[in-house]
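>>> Curious how this folds, go ahead:
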Amino acid sequence: TGLSVRHVGERFQHSNETISKYFCKILRAVSSGPFFQKYVYLARVDDPADPFIQAQPKFNPYFSNAIGAMDGTHINCCPSAADCQAARNRK
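Prediction:
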């Protein structure tokens, strides 16, 4: 949601420690073996951009040449030629 732990804690009336603890538990569950292997896949280099992004004039100029952009997040990376393949489609 883009909110801080403090804001989420205030919204749900729990301490920052509780919010942080359960956020970490959920993050571990989502990024661990069975769930990750079944539901998460990385885009290949030749996969086209999402049609929603292509159809939106306000998004398309920013993502037209992006490789590995996901959920509106793109991190500029300039690896050496030798490391180029290892850095592709990484978050």
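
>>> buried stuff in the helix ranked longest in the chain?
Longest helix in the chain, counting residues (DSSP state H): helix 16-31. Buried residues in helix 16-31, counted by 16 or more other CB atoms under 10 Å: residue 19. For every residue, glycine as well, the C-beta is placed using N, CA and C.

>>> Can you give me the end-to-end span of stretch 7-20?
This stretch, stretch 7-20, spans 12 Å end to end (CA to CA, to the nearest Å).

>>> Give the rounded mean pLDDT of whichever helix or strand residue 9 is part of.
Applying DSSP states H and E as the criterion places residue 9 in helix 5-12. Helix 5-12 carries an average pLDDT of 90.

>>> With stretch 29-44 instead?
80.

>>> Phi and psi next, for residue 13.
The phi and psi values for residue 13, taken as degrees, to the nearest 10, are phi 60, psi 50.

>>> count of residues packed around it?
Other residues lying near residue 13 total 7 when counted by other CB atoms under 10 Å.

>>> can you check residue 84 too?
Around residue 84 there are 11 residues (other CB under 10 Å).

>>> That one and residue 42, how far apart?
Counting by CB to CB, to the nearest Å, the gap from residue 84 to residue 42 is 16 Å.

>>> What residue in this structure is the furthest from its centre?
Distance from the C-alpha centroid of the chain peaks at residue 13, with 27.4 Å (CA atoms, centre = their mean).
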